[in-house]
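Enquirer: My questions concern the predicted model and sequence given below.
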Amino acid sequence: MNAHDRDFAGADLATLHYGDGEFAVLKPGRFVRCAVSGAMIPLDALRYWSPVLQEAYAGPAEALARWKETNP
């Protein structure tokens, strides 16, 4: 398996610190989990996260759903 394989069965879950517009890798891995759906998000596809809640989202729909939950 190399870095371009898309089979995540044996891959590690990364740990990230989410900042404003960027994230730092605390524990290397190939993906993170969406905080709303639980979907695997490859690090190179990660575009949505919350620096306040320190969680990642698979897409804009999940990010909006979490925002609505936390901002009534």
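Expert: Received the coordinates, thanks.
Enquirer: Only C-alpha atoms from now on, for both contacts and neighbour counts.
Expert: Fine.
Enquirer: what about the helices in the protein?
Expert: Ranges of helices in the chain, per DSSP state H, are 60-70.
Enquirer: Determine which residue lies closest to the centroid of it.
Expert: For the chain, the residue nearest the mean C-alpha position is Ala56 (3.5 Å; CA atoms, centre = their mean).
Enquirer: isn't that residue right next to Ser37, touching?
Expert: No. Between Ala56 and Ser37 there is no contact under CA atoms under 8 Å: 10.2 Å.
Enquirer: before we move on, back to that, show the contacting residues for the residue nearest to the centre of the chain.
Expert: When the contact criterion is CA atoms under 8 Å, 6 or more residues apart in numbering, the partners of Ala56 are Val32, Arg33, Cys34, Ala35, Leu46, Tyr48, Trp49, Ser50.
Enquirer: most neighbours, which of those residues?
Expert: Trp49 (24 neighbours; other CA atoms under 10 Å).
Enquirer: distance of the closest residue to it other than its chain neighbours from Trp67?
Expert: Nearest residue to Trp49 in three dimensions, chain neighbours excluded: Ala56, at 4.1 Å (CA to CA, 6 or more residues apart in numbering). Here the distance between Ala56 and Trp67 works out to 12 Å (CA to CA, to the nearest Å).
Enquirer: quick one: contacts for Pro28?
Expert: Applying CA under 8 Å, 6+ apart to Pro28 gives the contacts Asp12, Leu13, Ala14, Thr15.
Enquirer: In this structure the second one contacts Arg30, no?
Expert: Spelled out, it's Leu13. Yes. Counting by CA under 8 Å, Arg30 is a contact partner of Leu13 at 6.3 Å.
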